[in-house]
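K.L.:
turn this into a model:
(2 chains)
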Amino acid sequence: MIGRVLLGAAVLFLLAFLLTPTSFAWLFQPFTRNNAPAIYTQTPLWSLTLSHLALVGMAVVASTVIALVLAVLVTRPAGREFLPLARTVTAVGQTFPPVAVLALAVPIMGFGAGPTLVALFLYGLLPVFENALAGLTGQPPQVAEAARGMGLTPRQRLTQVDLPLALPVILGGMRLTAVISLGTATIGSTVAAKTLGEVIIAGLLSSNTAFVLQGGMVVGIIAVLLHEGFQTLERMAAARTGLNR
Amino acid sequence: MGRLDRPGLLFALIGLAGLALPLVQFKPNRIVLGEGVALWSALPWGLPLAVVLAAVLVGGCWRIGAGWRLAAALAALVALVLALGASAGHLTPPDNTLARVSPATGFWLATLAFALMLADAITRLRPSLAMRWLLLGLAIGLVVAALASGIVDGISVMREYEARRDIFLREARAHLLLAFGSLGLALLVGLPLGVALYQARGLRRPVLSVLNILQTVPSLALFGIMIPIFGWIAANVPGAAQAGVAGIGVFPALVALFLYSLLPVVSNTLTGLNGVNPATREAATGLGLTRVQVLSSVLVPLALPVLLAAVRIVLVQNIGLAVIAGLIGGGGFGTFVFQGLNQTAMDLVLLGALPTIALALVAGIALDLLVEATSRRPKGA
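P.N.:
Next comes the predicted model:
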């Protein structure tokens, strides 16, 4: 209950801050020196927030769709041959640091939102894929038996049994992907993508702590909200499956 | 021979595309964009090599023994690196110190194809634990040998390294200090904290939620917030500035990484301790062991695999995150990455990114093997 009140307060605070940032100048004034501006105004914060979220949203949706398709493919009889390899590749791929992936995308994509989107997409594939595999392969054998007993075709079993049962785990993978993408997207501003990282970097360059704090605060609050939102969805999906997890 | 091998078919597609695309890029100097040169025109023996590599890829489409696959993929990877190094010598005119030869899309794709083939072969062979240690050692040995022998010295990344050898070694030390130092700190604080939470159930939720929120703060912001905090400490705490504490430098980065490491260590300590069979714990108490003895000689050894898993998560995560320290003057390989991005000198970016990836890979694989080695011990031993 207290948690929900706090989350609600966080949402209201975030909206108020994004819509009228200058009315919060008093809050950040103590962190500036030499009369430096307390609020970042080069680009409106709300527009940076929107493009940040758009970048993360596109990456998460794209990596979820592709990862799900791949996970379904490697768990079908025709794709089984790829399953062990797919597991190895995801395990190894996740050790690649996101920042390094971002830096390596620049020579191929050039500067701007492109490399950031590619890096977020590639890195986001792995948690969703790993969790989707776990969800699709980890079901109790009785479920498969029951589905066969009911005379479901393989396709019906996939869409009516396997995927709904795997949904909570898949949402867990999406949560990881979203939170990692949100943080990594801030670093995208070092390669000239329009994200909230711009505010933090501006603060670092002009040693204006107020900028660092407001950029970090907005991303931090959004991260917590995303985290909680996905966990609520996971709980709802888990309750619908009726399995005790 | 016989039926087609589907993964092999996929590797062949990737690899053949790689062979068709430019192997290297020839640039008149380090900043400008260059022109791509394919394998067959980059080397006098490029065409025969391309044919042999293509044959290996096509051969991999049929079901052949995993041992053969492993050997062929390994040989192909070695050949690719040799070709890369030799093409630099062949393409750069003598006494031209400005021209750069760097690996291009074709090299990376072909390397990916053979690396996948290698990984697939290793997965199919199901090697024993000792064998996998041996393979890891062999891989590290090959890379070190390739770097030490000077074969690839003509490649642009190595030229960047040559130009700043001392700085590279310093930043490498800084990177290792950041990754391992923060891990050490996290273990020092996180293990006792985890044990304390194991005993005090009521505190678990609040402490874990705080650590959870810390984990969601984006790394760039956390690193940035540390700067003023440490600047304040340096300015206001007597003796701090003399001890080397400053707003910019290694301390803020180290503490930021430490904070990120706490959640995995604490939550895995809890999971590990909770996972010990209560009967085992009761038996130990029944034998007359004190609480400390139960903890140190029964609970911790049994929870070891889960604790090592935390070490793996933290180490791999911190090796990657330490790159961001380069943005706030904390040193490490990130220095090269961000310098390179600023100067649009991609070779410099590679000089920072490649060692980071290699380090993270080795740490991840080695700790996975350790986790498996410790969890294979008979339960209850």
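
K.L.:
going forward, measure contacts between C-alpha atoms and count neighbours the same way
P.N.:
Will do.

K.L.:
buried residues in the one helix or strand in chain A whose mean pLDDT sits lowest?
P.N.:
Lowest on mean pLDDT, DSSP states H and E among the helices and strands of chain A sits helix A:98-109, with a mean of 82. By neighbour count on 16 or more other Cα atoms under 10 Å in any protein chain shown, the buried set for helix A:98-109 is A:Pro98, A:Val99, A:Ala100, A:Val101, A:Leu102, A:Ala103, A:Leu104, A:Ala105, A:Val106, A:Pro107.

K.L.:
got it, and stretch A:214-223?
P.N.:
A:Gln214, A:Gly215, A:Gly216, A:Met217, A:Val218, A:Val219, A:Gly220, A:Ile221, A:Ile222, A:Ala223.

K.L.:
show me which of those residues is closest to A:Val65.
P.N.:
A:Ala223 (21.6 Å; Cα to Cα).

K.L.:
show me what the helix or strand that closest one falls within is packed up against.
P.N.:
Per DSSP states H and E: A:Ala223 is located in helix A:209-241. Here helix A:209-241 touches helix A:2-19, helix A:163-187, helix A:197-205, helix B:204-216, helix B:219-236, going by 3 or more Cα pairs under 8 Å, 6 or more residues apart in numbering or on different chains; DSSP states H and E.

K.L.:
next SSE after the last one?
P.N.:
Okay, so that is helix B:219-236. helix B:250-274.

K.L.:
any idea which helix or strand comes after that following helix?
P.N.:
Immediately after helix B:250-274, counting by DSSP H and E, sits helix B:278-286.

K.L.:
what's the next helix or strand after that next one in contact with?
P.N.:
Sequence-wise, the next helix or strand downstream of helix B:278-286 (DSSP H and E) is helix B:291-293. The contact list for helix B:291-293 (Cα atoms under 8 Å, 6 or more residues apart in numbering or on different chains) reads B:Thr285.

K.L.:
any idea which helix or strand comes after helix B:291-293?
P.N.:
According to DSSP H and E, the helix or strand after helix B:291-293 is helix B:300-321.

K.L.:
in the stretch 51-200 of chain B, what residue is nearest chain A?
P.N.:
B:Asp120 (5.4 Å; Cα to the nearest Cα).

K.L.:
what's the closest non-adjacent residue to that residue?
P.N.:
A:Leu85 (5.4 Å; Cα to Cα, 6 or more residues apart in numbering or on different chains).

K.L.:
which SSE is the one you found in?
P.N.:
helix A:83-93.

K.L.:
that helix: how far from the chain's middle?
P.N.:
Relative to its chain's centre, helix A:83-93 lies at 21 Å (Cα atoms, centre = their mean, to the nearest Å).

K.L.:
dump stretch B:356-374 to CSV, restricted to CA.
P.N.:
What follows is stretch B:356-374, C-alpha atoms only, in CSV (Å, rounded to 0.1, in the frame of the first residue of the first chain):
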residue,chain,number,x,y,z
THR,B,356,36.9,-5.0,-22.4
ILE,B,357,34.9,-7.6,-24.3
ALA,B,358,37.7,-10.1,-24.1
LEU,B,359,38.1,-9.6,-20.3
ALA,B,360,34.3,-9.9,-19.8
LEU,B,361,34.2,-13.1,-21.9
VAL,B,362,37.1,-14.8,-20.1
ALA,B,363,35.8,-13.8,-16.7
GLY,B,364,32.3,-15.0,-17.6
ILE,B,365,33.4,-18.4,-19.0
ALA,B,366,36.0,-19.1,-16.3
LEU,B,367,33.5,-18.4,-13.5
ASP,B,368,30.8,-20.5,-15.2
LEU,B,369,33.3,-23.3,-15.1
LEU,B,370,34.1,-22.7,-11.4
VAL,B,371,30.4,-22.6,-10.5
GLU,B,372,29.9,-25.9,-12.3
ALA,B,373,33.0,-27.4,-10.6
THR,B,374,31.8,-26.5,-7.1
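
K.L.:
what does that stretch rub up against?
P.N.:
Everything outside stretch B:356-374 that qualifies as a contact, by Cα under 8 Å, 6+ apart, is A:92, A:95-97, A:100, B:129, B:132-133, B:136, B:304-306, B:308-309, B:311-313, B:315-316, B:319-320, B:323, B:333.

K.L.:
so for B:Lys379, what's the pLDDT?
P.N.:
As predicted, B:Lys379 sits at a pLDDT of 47.

K.L.:
flag every residue of chain B that's near chain A.
P.N.:
B:6-7, B:119-120, B:123-124, B:213, B:216-222, B:224-225, B:228, B:316-317, B:319-321, B:323-324, B:328, B:337-338, B:341, B:346, B:349-350, B:353-354, B:356-357, B:360-361, B:364-365 (Cα under 8 Å from any Cα of the partner chain).
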